[in-house]
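**Q** Below are the sequence and a predicted model; questions follow.
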Amino acid sequence: MAFNRMESATYLASLLAKSFSRALHERGQKLGFAPGQFPILLELWAEEGLTQKQLLDRLDIEQATMANTLSRMERDGLILRRKHPQDKRSQQIYLTEKAKEMEAAAKEAALAADQSLLAGLRNFERELMLEYMRMALANVARSDSRA
């Protein structure tokens with residue numbers, strides 16, 4: 001049986017991820033954030049004062065990537081790090097005013113990226129696609145927990 005990349009969920013998901021990242025990059029760059037920073041910003045908008053370890057536990061990001069992304073975010077004036085009051089080896093991460101002020105616009109940018117890439121889908125098709133994506137991610141989580 002020949003491999004048809006347009007019938008491969010893995011191949012299509014990779015193309016789709018690149019497209020979503022590119023669409024978010026175009027919109028986020030105007031606001032002052034990169035696509036790789038967006039998941040971290042979402043976590044910190046929901047709960048400030050998280051440690052790097054807590055962010056790693058919540059997001060599927062490699063340790064080195066997380067460290068580099070946080071350094072860039074600090075350089076770009078999006079986060080501040082403060083010593084943890086109970087654990088002197090770790091630091092808590094807080095948003096700057098700049099990052100707090102961009103929350104609504106950043107979330108709107110992400111929604112606009114979604115809408116541009118899912119244009120033409122009817123509501124139920126969009127909901128089904130999202131449900132299937134969540135199911136596939138749950139399968140990944142299950143297989144990761146068995147490894």
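**A** Now that the structure is in, tell me what you want to look at. Numbering: from 1, shown residues only.
**Q** Pop out the phi and psi values for Arg81.
**A** Phi and psi for Arg81, reported as degrees, to the nearest 10, are phi -110, psi 140.
**Q** burial of the closest residue to it other than its chain neighbours, as a residue count?
**A** Counting by CB to CB, 6 or more residues apart in numbering, Gln91 is the residue found nearest to Arg81 once chain neighbours are left out, at 4.2 Å. Placement of C-beta: from N, CA and C, glycine included. Gln91: 15 surrounding residues under other CB atoms under 10 Å.
**Q** separation between the residue nearest to Gly49 when sequence neighbours are not counted and Asn139?
**A** Of all residues not flanking Gly49 in the chain, Gln92 sits nearest, at 4.4 Å (CB to CB, 6+ apart). Between Gln92 and Asn139 the distance, using CB to CB, to the nearest Å, works out to 34 Å.
**Q** between the two, which one's more packed in?
**A** Taking neighbours as other CB under 10 Å, Gln92 and Asn139 compare with Gln92 leading, 17 against 10.
**Q** The more buried one belongs to a strand?
**A** Yes - counting by DSSP: H, G, I helix; E, B strand; the rest coil, Gln92 is located in a strand.
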